[in-house]
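Peer 1: Need a 3D model of the following:
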Amino acid sequence: MTAAQKELHETYAALHRFQKELAWSSAPHAGFNDTDRWRNAARPATERWTPDQKTEYERLWSKLRELTACIAGHKHWENCPQEKAVEARQALKHAPGATPDPAPAGALEPV
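Peer 2: All right, here's what the predicted structure looks like:
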């Protein structure tokens with residue numbers, strides 16, 4: 001389960017990095033500038049995502065859902081007392097082998 005947790009961390013980070021490269025809308029949009037709200041909101045005009053971008057986005061999301069289901073539905077949790085479930089889940093997230101390896105010096109910014 002620690003390997004799945006590590007892969008979940010890595011997949012989430014990959015999805016987050018990929019989303020930074022994408023346009024804000026997957027479909028063509030003229031953009032908007034809405035200053036009449038309590039908080040100004042604006043987005044530039046955008047083209048649609050390419051078929052390759054859509055495929056990669058869906059692949060990463062699918063993998064993320066699969067790993068989440070694998071961890072959340074693991075039989076281990078059946079033996080965990082309900083009052084300790086949150087504590088046990090947090091322990092797994094930070095267990096040795098369940099977190100990604102540190103980035104080498106000079107690597108890109110963390111996500």
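
Peer 1: can you give me the strands in the chain?
Peer 2: Under the criterion DSSP state E, strands of the chain are mapped to 32-34, 41-43.

Peer 1: So which of those is nearest residue 19?
Peer 2: strand 41-43 (14.6 Å; Cβ to Cβ). Using the backbone N, CA and C atoms, a C-beta is placed for each residue, glycine as well.

Peer 1: what's in contact with the closest one?
Peer 2: 24, 25, 29, 31, 32, 33, 34 (Cβ atoms under 8 Å, 6 or more residues apart in numbering).

Peer 1: 6 Å instead?
Peer 2: Residues outside strand 41-43 that contact it (Cβ atoms under 6 Å, 6 or more residues apart in numbering): 24, 31, 32, 33, 34.

Peer 1: Can you check which of the strands of the chain gets nearest to residue 9?
Peer 2: Of all the strands of the chain, strand 41-43 comes closest under Cβ to Cβ, at 29.6 Å.

Peer 1: what mean pLDDT does that closest one have?
Peer 2: The average pLDDT within strand 41-43 is 89.
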